[in-house]
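> this one's sequence-less:
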Ligand SMILES: N[C@@H](CCC(=O)N[C@@H](CS)C(=O)NCC(=O)O)C(=O)O
């Protein structure tokens, strides 16, 4: 059976678990904390990051690489759009969601959730506020201009939708919600993605694991 190394709460692990669930592929999670400096884990993923997917002899790191493998190996249902231009745009949204948007949203998550609850430290509220009031809004404006008022970015749900939405799920654990009066399309997409049964199921397990259920 496929093994996914990682923990609930990581947006990158979340993406892989949801892709596997959508494709109805059984898997087991091998608990692996990020930032643990675990030398044994580095033998299968030298970056030490989660997730890593093990499927027989195949050992892959990086959620984008893993999800592309899953799409080729288990094509039904498709989780990327067909068509060269849409596929390229989906890659762009996945990249943007997994890099800059994640950095900003997990900045809020780290300050307001991880520091007080995991590390018993005071959050740097000034830093969280700077992200919320100055750094995020231009990105939210860009996303708002690209997201439809209904449905998903490419019609059917794809991992591009999840990649855009996922960082905001982490931020919501730190009491940050995208303001629906300023960014209604993005705010609506977040709700629609969270309502997908496979997404809701993983988020339920995540909430339990993070103690916020
Ligand atoms: N580009 C990677 C990013 C993975 C990543 O940064 N994972 C975080 C957890 S959310 C991690 O393992 N961080 C540990 C580290 O950077 O050492 C992916 O898409 O899988």
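In hand now; what should we look at? This structure is a prediction, so every number in the text was calculated from the model and none was measured.
> drop to CA atoms for contacts and neighbour counts, all remaining ones
OK.
> Which residue is the nearest non-sequential neighbour of residue 157?
residue 79 (6.9 Å; Cα to Cα, 6 or more residues apart in numbering).
> which residues touch the one you found?
19, 71, 157-159 (Cα atoms under 8 Å, 6 or more residues apart in numbering).
> And it, how far from residue 23?
Relative to residue 23, residue 79 is positioned 9 Å away (Cα to Cα, to the nearest Å).
> Count residues in the vicinity of residue 12, would you?
23 (other Cα atoms under 10 Å).
> ok now do the closest residue to it other than its chain neighbours, which residues does it touch?
Nearest residue to residue 12, sequence neighbours excluded (Cα to Cα, 6+ apart): residue 63, at 5.6 Å. Listed by Cα under 8 Å, 6+ apart, the contact partners of residue 63 are 12-13, 15-16, 51-52.
> confidence score at residue 63?
We note a pLDDT of 98 for residue 63 in this prediction.
> Then residue 23?
98.
> how far away is it from the ligand?
19 Å (Cα to the nearest ligand atom, to the nearest Å).
> Angles on the backbone of that residue, please.
phi -90, psi 0 (degrees, to the nearest 10).
> so it sits right up against residue 76, yeah?
Yes - between residue 23 and residue 76 there is a contact under Cα atoms under 8 Å: 6.3 Å.
> Could you check which of these two is surrounded by more residues?
The neighbour count for residue 23 versus residue 76, taken as other Cα under 10 Å, is higher for residue 23 (18 against 12).
> mind listing what the more buried one touches?
Contacts of residue 23 by Cα under 8 Å, 6+ apart are 74-77.
> And residue 98, by the same measure?
12, 163-164, 167.
> One more pass at 10 Å, please.
By Cα atoms under 10 Å, 6 or more residues apart in numbering, the contact set of residue 98 is 11-12, 63-64, 92, 160, 163-164, 166-167.
> Could you double-check that residue 108 sits in contact with residue 169?
No - in this structure residue 108 lies outside contact range of residue 169 using Cα atoms under 10 Å: 11.1 Å.
> okay, and the common contacts of those two?
175-176.
> For these two, indicate the residue with more neighbours.
residue 108 (29 against 23).
> and the helix or strand hosting the more buried one, what does it pack onto?
Residue 108 is part of helix 102-109 when elements are defined by DSSP states H and E. Applying 3 or more Cα pairs under 10 Å, 6 or more residues apart in numbering; DSSP states H and E, we find helix 102-109 packed against helix 11-22, helix 84-96, helix 125-130, helix 136-146, helix 159-173.
> right, so the ones you listed: which one is the most enclosed?
The highest mean neighbour count among the helices and strands packed on helix 102-109, using mean count of other Cα atoms under 10 Å, belongs to helix 159-173: a mean of 24.
> The very next helix or strand once past that helix packs against which elements?
Using DSSP H and E, the helix or strand that follows helix 159-173 in sequence is helix 184-195. In terms of contacts (3+ Cα pairs under 10 Å, 6+ apart), helix 184-195 is packed against helix 136-146, helix 159-173, helix 197-210.
> and of those helices, who's closest to the ligand?
Of all these, helix 159-173 sits nearest to the ligand, with 9.8 Å by Cα to the nearest ligand atom.
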